[in-house]
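K.L.:
okay, predicted coordinates and the sequence, questions at the end:
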Amino acid sequence: MMGKKSYLAMRNEQEKSDLISSDYKELVFAAKKLANHVIKLGSFGFGTTFLEWFACFAAIYLLILDRTNWKTNILTSLLIPYIFLSLPSLLFSIFRGEIGKWIAFIAVIVRLFFPKRFTEIAEWMELPAALILLIVVAPSLFSSTIRNSWIGVLICLAIACYLLQEHIRASGGFRNAFTKAHGISNTIGIVLLFIYPAWALVIDVL
């Protein structure tokens, strides 16, 4: 009888030990899985933010080229909605706040009361001023809902596709766009516009 009780006690202890060991293994597995997901999502988030900055600089680069002797016939005004939709959240919040309002206010004042001075700087400042005004006055449907969704990403991708085909046509063909000095500089900038929306779409699908 005593031997049977001792056996049952040992069996119960073994079962408890096995349950604790099993729970511990499951806990370790869950912790590893959580850590992997956090690292994965963190890297995706960092990658998306980095590419937003990258896309923004690429668009600004194309705007600068369009205002120099490298000017082409492509519709660079489409870069303004592209920048609006891809601008990093930090910069967007800054320009949507008081700083952006002051810049927009000064631009309007100069345009109204100093038209001659405005005409002198209009060629360089027209599109940047339009961007600031767009950021400041855009309703939340565009500034939040569309900008932070796959719709905004698709619009960016469509703009990049349109600019590329327009540039190839203006350059006289695909080969000229990638070989001529005036063509390849713009081609590089336009190709860089594809990186952010393509990456964002992949992340959205995953």
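P.N.:
Received, thanks. Since the structure is predicted, the reported quantities are computational estimates derived from the model, not experimental observations.

K.L.:
let me know the next secondary structure element after the helix-or-strand element of the chain with minimal mean pLDDT.
P.N.:
In the chain, no helix or strand scores lower on mean pLDDT, DSSP states H and E than helix 2-66, which sits at a mean of 61. Of the helices and strands lying after helix 2-66 in sequence (DSSP states H and E), the nearest is helix 79-86.

K.L.:
give me the contacts around that following helix.
P.N.:
52, 55-56, 59-60, 62-63, 127, 130-131, 134-135, 138, 142, 146-147, 152-153, 155-156, 159-160, 163, 193, 196-197 (Cβ atoms under 8 Å, 6 or more residues apart in numbering). Backbone N, C-alpha and C define where each C-beta goes, glycine included.

K.L.:
got a PyMOL select line for the buried ones in these?
P.N.:
Listed next is the PyMOL selection for buried residues among the contacts of helix 79-86, using 16 or more other Cβ atoms under 10 Å:
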select buried, resi 52+55+56+59+62+63+127+130+131+134+135+138+142+146+147+152+153+155+156+159+160+163+193+196+197
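
K.L.:
out of the contacts of helix 79-86, list just those in helices.
P.N.:
Counted as lying in helices by DSSP state H, out of the contacts of helix 79-86, are 52, 55-56, 59-60, 62-63, 127, 130-131, 134-135, 152-153, 155-156, 159-160, 163, 196-197.
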